[in-house]
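A.B. asks: from the sequence below, what's the structure:
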Amino acid sequence: MYNFKMPYILVLIPIVTYLFFRKRSQGAIKVPGIQIIKKYSKGSKKHLLGRVFMYLSTVFMILALARPQLTTEGKVVKKDGIDIAIALDLSKSMEARDFNPNRLEKSKELLKEFIDKRPNDRLSLVVFGGEAYTKVPLTFDHSVLKNMISNITTDDITSNNRTAIGMGLGVALNRLKDSDSKSKVIILMTDGENNSGEMSPVGAAEVAKELGIKVYTIGIGAREIAIPGFFGTSYIENKELDENLLNLIAEKTNGKYFRASDSKEFQNIFNEINNLEKSKIDSRSIYDITEYFEELLKIALVLFLLGVFFEYFKYIRIP
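C.D. replies: Below you'll find the model as predicted:
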């Protein structure tokens, strides 16, 4: 939007217009001869060119003094994201087919969907079995993270016949402990019980509590396991998952425990975590002001010089 910072100065324009073009009383001029003015007819207006240029120069100076400005509105968006470390179990049991096609592939599918919903956050991937290590450090490059998730298998862990929940949680804590983010979260996904590793899951949870890191735990696996037999399929309770431990870890860190016993439940878990952990986005208006007085002064100077040239050098002004 165009406007003038000092619009009251524009009142000078009609005053200057009157002063420049008011009628003057006719006088006489003595010249030694008339040859010099013969080329001007009675109706010639050439002698007015200098005056017109000077008038325009004055108008542009007044416009410059009025400070014309262009004001444009913009938005500044401040994003306060969350640092999230995902600790994913890669033990062999994650190949169980109580999910389609199996627990690990369903976990990978839902993780990638969750990542797409967190554009303002840094995310990290930690994998664990009988050992644990960082697969992807904290990053805003979500395409790299999703590509890595797509390619991981249980073979990425050498000791994949065991589950070190405490180690997985500990490595995830290392990813977040030096972060300066206001909100730090771990999502721990496993289908078993802690049976390996030097670090206690409860001890890791205590550290997370001290660091102010919230842990969401997800227990993966159907509540009943199908056992095919000679007389048909029978079902037994799935006791491989240590729900008490996962619930304790979540409670100690002000997080929450979720049980993913089927695909729909699994999907809802990630939707709930996404809603619980909202990134702060603060936007405010800013105004960019562009001044044009310098350009107008340059035009005024050019017009003034033209006026002087025509008024005093090119054409004779006849009173």
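
A.B. asks: mind listing what's buried in stretch 94-110?
C.D. replies: 94-96, 98-99, 102-110 (16 or more other Cβ atoms under 10 Å). Yep, even glycine has a C-beta here, placed from its N, CA and C like the rest.

A.B. asks: take those and keep only those in helices.
C.D. replies: Counting by DSSP state H, the buried residues of stretch 94-110 place 103-110 in helices.

A.B. asks: which one of those residues is nearest to Thr217?
C.D. replies: Ser107 (13.5 Å; Cβ to Cβ).

A.B. asks: can I get the ones in helices among the buried residues of stretch 94-110 in CSV including distance to Pro14 and pLDDT?
C.D. replies: Formatted as CSV, those follow (distance: Cβ to Cβ, whole Å; pLDDT from 0 to 100):
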residue, distance to Pro14, pLDDT
Arg103, 84, 95
Leu104, 82, 97
Glu105, 80, 96
Lys106, 79, 96
Ser107, 78, 96
Lys108, 76, 97
Glu109, 75, 96
Leu110, 73, 96
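
A.B. asks: quick one: those residues as TSV, columns for distance to Glu224 too.
C.D. replies: As requested, these are exported to TSV (distance: Cβ to Cβ, whole Å):
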residue	distance to Glu224
Arg103	15
Leu104	20
Glu105	21
Lys106	17
Ser107	20
Lys108	24
Glu109	23
Leu110	21
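
A.B. asks: any idea which of the residues you listed is closest to Ile82?
C.D. replies: Closest to Ile82, out of all of these and judged by Cβ to Cβ, is Leu110, at 18.3 Å.

A.B. asks: let me know the pLDDT of Thr72.
C.D. replies: Predicted confidence (pLDDT) at Thr72: the value is 79.

A.B. asks: I'd like to know how many residues surround it.
C.D. replies: 10 (other Cβ atoms under 10 Å).

A.B. asks: for it, which three-state class applies?
C.D. replies: Secondary structure assignment for Thr72 (DSSP: H, G, I helix; E, B strand; the rest coil): strand.

A.B. asks: could you measure from it over to Val16?
C.D. replies: 31 Å (Cβ to Cβ, to the nearest Å).

A.B. asks: return the list of helices and strands in contact with the host helix or strand of Met189.
C.D. replies: Taking DSSP states H and E as the criterion, Met189 maps to strand 184-190. If you count contacts as 3 or more Cβ pairs under 8 Å, 6 or more residues apart in numbering; DSSP states H and E, strand 184-190 packs onto strand 83-89, helix 165-176, strand 214-220, helix 243-252.

A.B. asks: would you turn those into JSON lines with mean pLDDT and distance to Leu145?
C.D. replies: Converted to JSON lines, those look like this (pLDDT from 0 to 100; distance: least, Cβ to Cβ, whole Å):
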{"stretch": "strand 83-89", "mean pLDDT": "97", "distance to Leu145": "9"}
{"stretch": "helix 165-176", "mean pLDDT": "96", "distance to Leu145": "13"}
{"stretch": "strand 214-220", "mean pLDDT": "97", "distance to Leu145": "18"}
{"stretch": "helix 243-252", "mean pLDDT": "96", "distance to Leu145": "24"}
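
A.B. asks: would TSV of these with mean neighbour count and distance to Met1 be doable?
C.D. replies: Below are the helices and strands packed on strand 184-190 laid out as TSV (neighbours: other Cβ atoms under 10 Å; distance: least, Cβ to Cβ, whole Å):
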stretch	mean neighbour count	distance to Met1
strand 83-89	26	41
helix 165-176	25	47
strand 214-220	25	47
helix 243-252	18	54
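
A.B. asks: so for stretch 131-149, mean pLDDT?
C.D. replies: On average, stretch 131-149 scores 96.

A.B. asks: of the ones in helices among the buried residues of stretch 94-110, closest to Glu193?
C.D. replies: Arg103 (15.0 Å).

A.B. asks: for Phe266, see how far away the closest one is.
C.D. replies: Distance from Arg103 to Phe266, counting by Cβ to Cβ: 9 Å.

A.B. asks: how about Ala222?
C.D. replies: Distance of Ala222 to Phe266, computed by Cβ to Cβ: 11 Å.

A.B. asks: who touches both of these two?
C.D. replies: Both Ala222 and Phe266 are contacted by Phe99, under the criterion Cβ atoms under 8 Å, 6 or more residues apart in numbering.

A.B. asks: circling back: how far off centre is the strand holding Met189?
C.D. replies: 24 Å (Cα atoms, centre = their mean, to the nearest Å).

A.B. asks: list the contacts for the residue lying closest to Lys5 once chain neighbours are set aside?
C.D. replies: By the measure of Cβ to Cβ, 6 or more residues apart in numbering, the closest residue to Lys5 outside its immediate chain neighbours is Arg67, 3.6 Å from it. For Arg67, the contacting residues are 4-6, 291, 293, by Cβ under 8 Å, 6+ apart.

A.B. asks: list just the nearest of those residues to Val52.
C.D. replies: Nearest to Val52 among the contacts of Arg67, with distances taken as Cβ to Cβ, is Phe293, at 22.7 Å.

A.B. asks: the closest one and Phe60, how far apart?
C.D. replies: 10 Å.
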